[in-house]
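Peer 1: This is the structure alone, sequence omitted:
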């Protein structure tokens, strides 16, 4: 018998969150066991430091416990919701660790990214969140969500197009380095990367 917990379906994770909201410690333990590896991967990716990531993981799961009653399965997938909390804690931890004047004059791209992500249709937000926050491949996302792979790919492409369009004004406001005396122009709309 394997020590690794069996992967939970999103519906099962949602039920564990709901039972955790009512104070069921055993359900919360199962939820942690099923999601902590993905959550830790997000924390390490954002902080770049295993020690900080451990702190983030602990504080994020305390928030999951306290905020479980706010979770709405119809709004977002349980894993996506948990990974968003982890990401929020990781960013907050980095901000606390950063000197006060560091980056004081840079645009808040993280907040803009989150606003753009929330404006996506729910299905697109889910696939992008699972890929970015969870580090899952498109075939994994298809299996996790019970969605055909072609649909996952189409949702991802559409979401990335919308996010790129939303980021264009922010990117255009950032001064690009010059080569010689000619600025590097942004790529034309619809150009392949």
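Peer 2: Yep, it's here. Quick caveat: nothing in here was measured; it's all calculated off a predicted structure.

Peer 1: how about the helices in the protein?
Peer 2: Using DSSP state H, the helices found in the chain span residues 10-21, 25-47, 50-67, 78-97, 109-119, 122-132, 138-145, 149-172.

Peer 1: Enumerate every residue touching residue 46.
Peer 2: Taking C-beta atoms under 8 Å, 6 or more residues apart in numbering, we find residue 46 in contact with 53, 56, 87, 90-91, 94. Just so you know, the C-beta spots here come from the backbone N, C-alpha and C atoms, and that holds for glycine as well.

Peer 1: Can you pull out the low-pLDDT segments for the chain?
Peer 2: The chain contains residues with pLDDT under 70 at 1-7, 98-114, 134, 168-193.

Peer 1: coming back round to it: for the contacts of residue 46, give me CSV that also has distance to residue 122 and neighbour count.
Peer 2: Formatted as CSV, the contacts of residue 46 follow (distance: C-beta to C-beta, whole Å; neighbours: other C-beta atoms under 10 Å):
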residue, distance to residue 122, neighbour count
53, 28, 23
56, 26, 28
87, 18, 22
90, 24, 27
91, 23, 16
94, 28, 16
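
Peer 1: Just give me the residue closest to the centre of this protein.
Peer 2: In the chain, the C-alpha nearest the mean C-alpha coordinate belongs to residue 133, at 3.1 Å (C-alpha atoms, centre = their mean).

Peer 1: wouldn't that one be in contact with residue 87 here?
Peer 2: Yes: at 5.5 Å, residue 133 counts as touching residue 87 under the criterion of C-beta atoms under 8 Å.

Peer 1: any residues in contact with both of the two?
Peer 2: Joint contacts of residue 133 and residue 87 (C-beta under 8 Å, 6+ apart) are residue 42.

Peer 1: any idea how far residue 29 is from the residue nearest to the centre of the chain?
Peer 2: Per C-beta to C-beta, to the nearest Å, residue 133 is found 22 Å from residue 29.

Peer 1: next one: residue 47
Peer 2: Residue 47 sits 25 Å away from residue 29, going by C-beta to C-beta.

Peer 1: Looking at those two, which is more packed in?
Peer 2: Under the criterion of other C-beta atoms under 10 Å, the comparison of residue 47 against residue 29 puts residue 47 first, with 20 against 12.

Peer 1: and the more buried one, what does it touch?
Peer 2: 53, 56, 90, 93-94.

Peer 1: Can you lay out those residues as a markdown table showing distance to residue 167?
Peer 2: Formatted as a markdown table, the contacts of residue 47 follow (distance: C-beta to C-beta, whole Å):
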| residue | distance to residue 167 |
| --- | --- |
| 53 | 26 |
| 56 | 25 |
| 90 | 21 |
| 93 | 24 |
| 94 | 20 |
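
Peer 1: Let me know the closest of these to residue 121.
Peer 2: Nearest to residue 121 among the contacts of residue 47: residue 90, at 25.7 Å, using C-beta to C-beta.

Peer 1: didn't that closest one look like it was pressed against residue 56?
Peer 2: Yes: contact criterion C-beta under 8 Å: residue 90 and residue 56 qualify, at 4.7 Å.
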